[in-house]
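Undergrad: the following block contains a protein sequence and its predicted model.
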Amino acid sequence: MKPSVAGNRINMITIYDDLTEKFYTWSLEHADIKFVEDPLKDYPADKFVLFEFNNDEERMLEHFISWIEDNYPDVSFGWNTRAYDWPYIVRRIENVLGNNEAKRLSPVGKYFIKEVNHDNERADVAAEIEVNIDGLFIADGLVLYRDKFGITPALDGGYTLDNVGEHEECGHKIKYDGTLKDLYIKDWQKFYEYNVRDVDLAKRIEDKCKMILLARQMTSFGLTGYGAIYSSISYLIGSVMAFARTEFGVIFNSYLAKKKEFDGFEGAFVFPTVPNRYDGGIACIDFASLYPSNMRSINYSPETYLGKVIVYRKNRFNGEMVCNKTNEARYNPFNNKDSVYGKNEVGEDAPVILNAGDPDIVKL
């Protein structure tokens, strides 16, 4: 069933709470906290909490929302949860309990759903709708592992939770015959174990790859919210601004020009055509092009490239000249010198200013 419709009932929800270090499960039918497969069978029984609702989905969803309100998480991590699980849960709550109840999932009472624009080449092709819950970062392990961080490029067998779990040596999903519907109809106990194991496997992958930590570091350095990790421009701009302030004492100010009475042009502005033969060729100038603008803003245009440099530093113990790092030298408009990152005397990363005649620098 598509998340935009969410016409089928939710049978079970399982989460793992890092604060209490326990698995919490909301189930429509009875199950026993008794597992037969590794590693769940080796966990102590008090690591699991099971809420049963005797086929009353409405009461189950109300209890789930109340629990979330009492234990608001900062981050929700899962596998493909951004494209499917959270959109389905939110839309199902809307269908069963109403929009006001869905707002309770947010610590500030706000969320919105939007359709995914598949004309955008960066859009998740598997997603139909996208849910944004204010105050909650939905960290989708599939998107972060496969697309954003490229932890294992071109993984044989695809990026399913089962395959990534095997590749990262975190284990595998529980196997069953037939469809998932067949499983919960014929063997609810195994369906419960399957549900908990999926959450456990996603947790193990995150514990090893630390994608939440990496997303937090990148967005914090870029002065943006966690959700900006799914794009790139906002935290890249923030990173450049922070770097300019720290290294050069330069602060980029926001500037809002006065609004002009001008309706603009529909589409691109094209000068009237002048039919003729042009032996010297013609040129098309795009003043708002994204990549050239970005290259200029971070001083990465071709004309700034000066060549490769090797940074040498004198070893303070034996006096030998040691090569610390090779990098690109580029023209720096802030101090009119060539700069590159190398290592200082104590081995820490530090900017190295290349001066003519510097005995510690060898240019290639």
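TA: Yep, it's here. Numbers count the residues shown, from 1 in each chain.

Undergrad: is Pro39 in contact with Leu201, as I believe?
TA: No - with contact defined as CB atoms under 8 Å, Pro39 does not reach Leu201; the gap is 9.7 Å. All C-beta atoms are positioned from the backbone trio N, CA, C, and that covers glycine.

Undergrad: between these two, which has more neighbouring residues?
TA: Leu201 (23 against 13; other CB atoms under 10 Å).

Undergrad: ok, the nearest residue to the more buried one once chain neighbours are set aside - how many residues close by?
TA: What sits nearest to Leu201 in space, not counting adjacent residues and going by CB to CB, 6 or more residues apart in numbering, is Gly165, at 4.8 Å. Number of residues near Gly165 (other CB under 10 Å) recorded here: 22.

Undergrad: how near is Gly165 to Tyr72?
TA: Applying CB to CB, to the nearest Å, the value for Gly165 to Tyr72 is 28 Å.

Undergrad: pLDDT below threshold where in the stretch 201-350 of the chain?
TA: Low-confidence segments of the stretch 201-350 of the chain, defined by pLDDT under 70: 253-271, 283-350.

Undergrad: could I get the full set of helices for this protein?
TA: 57-70, 86-96, 99-103, 141-143, 161-167, 180-186, 188-209, 211-221, 233-248, 290-297 (DSSP state H).

Undergrad: just name the most buried of these.
TA: Greatest average neighbour count among the helices of the chain goes to helix 141-143 (a mean of 23), per mean count of other CB atoms under 10 Å.

Undergrad: elements contacting it?
TA: On a contact count with 3 or more CB pairs under 8 Å, 6 or more residues apart in numbering; DSSP states H and E, helix 141-143 meets helix 188-209.

Undergrad: could you check the angle the helix it packs on makes with helix 211-221?
TA: Taking axes from the mean of the first three to the mean of the last three CA atoms, to 10 degrees, one finds that helix 188-209 is oriented at 50 degrees with respect to helix 211-221.

Undergrad: against which helices or strands is helix 188-209 packed?
TA: Applying 3+ CB pairs under 8 Å, 6+ apart, one finds that helix 188-209 contacts strand 12-17, strand 22-27, strand 75-78, helix 141-143, helix 161-167, helix 180-186.

Undergrad: which residues touch the fifth one?
TA: Outside of helix 161-167, the residues that reach it under the criterion CB atoms under 8 Å, 6 or more residues apart in numbering are 79-80, 141-142, 145, 152, 155, 157, 171-173, 198, 201-202, 204-205.

Undergrad: before we move on, what about the second one?
TA: With CB under 8 Å, 6+ apart as the contact definition, strand 22-27 has outside contacts at 11-17, 31, 46-53, 60, 63-64, 67, 192, 195-196, 199-200.

Undergrad: about what we covered before: let's have the helices and strands packed on helix 188-209 in JSON lines, adding mean pLDDT and distance to Tyr88.
TA: Output for the helices and strands packed on helix 188-209, formatted as JSON lines (pLDDT from 0 to 100; distance: least, CB to CB, whole Å):
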{"stretch": "strand 12-17", "mean pLDDT": "97", "distance to Tyr88": "11"}
{"stretch": "strand 22-27", "mean pLDDT": "97", "distance to Tyr88": "14"}
{"stretch": "strand 75-78", "mean pLDDT": "96", "distance to Tyr88": "12"}
{"stretch": "helix 141-143", "mean pLDDT": "95", "distance to Tyr88": "15"}
{"stretch": "helix 161-167", "mean pLDDT": "96", "distance to Tyr88": "17"}
{"stretch": "helix 180-186", "mean pLDDT": "94", "distance to Tyr88": "14"}
